[in-house]
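In: make a model of this:
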Amino acid sequence: MKFSIETGERKDQVKETEAKLSGPDLAQGVDISQISDGAMLPGHANGEAILLARRGDELFAIGAICTHYGAPLVDGLLVGDTVRCPWHHACFSLRNGAPLRAPALDPVSCWRVEQRDGKAYVCEKLAHVESSRLAAANDKTLSMIIVGGGGAGNIAAETLRREGFSGRIILLSADASGPCDRPNLSKGFLAGTSAAESNPLRPPAFYREHGIEPQLDAPVAPLDTQGELADDGAGMDVVDAGEPHQRVADRCRRDPELSRQGGARQR
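Out: Predicted structure coming up:
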């Protein structure tokens, strides 16, 4: 199951930036001597902005634009076999384009690079590899609860799936709406330059498809890690991975030390 869904203003920004092509036509080839080890060269091929990066004797071609807000990755940093975005420090793999760090949710494209006669040629675009796929939610014996339905909680849920976790994922949020792009909400949306459709990080279908369960209007106060319970502050458990009918409040009343620790006991 691939996850490559962009919505609203962010997608428009990326497309607009990609339309401004610059640098050499990498499909026609460039001298390898132009690219020193650890350097990046912006260019284009077949109408798409591409970043050519060198690590030792290896050359990598990836999309030149960050999939988060459209920053030019050439202004970022090469760290090992990754590139870091200059604006918000998203991180992408040079080898397969996978997003390795927030706030980017989607991969950048990759192209095959061929070296011959002292030149580097950017060839066909490569399909996104397995690291750009989410695991299936098919293990009913495992559960993971994420407290907080903002951008961090969303990326935690996606990363669990990307890294192969196949159990149940429950995303608890005190908000009445799903994970949203808060910077866009407080800037572009309020300024009237972006539409309401640009605010959700993912559409509802994404969570259904990948077995991620957002539970809205579900604030969490104390936690009982031993009983695997999370309390909504009014004494009711908002999720219980093991015992469906128990209350955290009852546990706290029976255990004053647990109550003093906010319902969370260290193991």
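In: show me where the stretch 1-150 of the chain has its helices.
Out: Along the stretch 1-150 of the chain, the stretches classed as helices by DSSP state H, counting those that start in this stretch are 8-18.
In: low pLDDT regions in it?
Out: 1-19, 129-135 (pLDDT under 70).
In: ok, now with 80
Out: 1-19, 128-141 (pLDDT under 80).
In: so where do the strands sit in it?
Out: With DSSP state E, counting those that start in this stretch as the criterion, the stretch 1-150 of the chain has strands at 30-31, 40-45, 48-55, 58-63, 77-79, 82-84, 91-93, 99-101, 110-116, 119-126, 143-147.
In: ok and the third one relative to strand 58-63, angle-wise?
Out: It refers to strand 48-55. 150 degrees (axes from the mean of the first three to the mean of the last three Cα atoms, to 10 degrees).
In: tabulate the strands of the stretch 1-150 of the chain in a markdown table, adding columns for distance to residue 169 and mean neighbour count.
Out: To be clear about C-beta, it is placed using only N, CA and C from the backbone, and glycine gets the same treatment. Below are the strands of the stretch 1-150 of the chain laid out as a markdown table (distance: least, Cβ to Cβ, whole Å; neighbours: other Cβ atoms under 10 Å):
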| stretch | distance to residue 169 | mean neighbour count |
| --- | --- | --- |
| strand 30-31 | 44 | 15 |
| strand 40-45 | 36 | 20 |
| strand 48-55 | 33 | 23 |
| strand 58-63 | 28 | 21 |
| strand 77-79 | 29 | 15 |
| strand 82-84 | 26 | 21 |
| strand 91-93 | 22 | 22 |
| strand 99-101 | 18 | 19 |
| strand 110-116 | 28 | 16 |
| strand 119-126 | 29 | 16 |
| strand 143-147 | 5 | 18 |
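In: those: which one's closest to residue 198?
Out: Smallest distance to residue 198 across these (Cβ to Cβ): 18.8 Å, for strand 99-101.
In: show me how far the closest one is from its chain's centre.
Out: 6 Å (Cα atoms, centre = their mean, to the nearest Å).
In: for stretch 43-54, same thing?
Out: Distance of stretch 43-54 from the chain centroid (Cα atoms, centre = their mean) equals 23 Å.
In: and the average pLDDT for the helix or strand hosting residue 190 is what?
Out: Assigned by DSSP states H and E, residue 190 belongs to helix 190-191. Helix 190-191 shows a mean pLDDT of 87.
In: quick one, which of the strands of the stretch 1-150 of the chain is nearest to residue 22?
Out: Closest of the strands of the stretch 1-150 of the chain to residue 22 is strand 40-45, at 6.1 Å (criterion: Cβ to Cβ).
In: name whatever forms a beta bridge with residue 125.
Out: Counting by DSSP bridges, residue 125 forms beta bridges with residue 111.
In: isn't it right up against residue 109?
Out: Yes - using Cβ atoms under 8 Å, residue 125 is in contact with residue 109, at 5.8 Å.
In: list residues touching both of the two?
Out: Overlap of the contact sets of residue 125 and residue 109 (by Cβ atoms under 8 Å, 6 or more residues apart in numbering) consists of residue 48.
In: just the pLDDT at residue 181, thanks.
Out: 88.
In: count of neighbours near it?
Out: 25 (other Cβ atoms under 10 Å).
In: got it, and residue 172?
Out: 22.
In: circling back to that earlier point, for the helix holding residue 190, what is the distance to the chain centroid?
Out: For helix 190-191, the distance to the chain centre is 25 Å (Cα atoms, centre = their mean).
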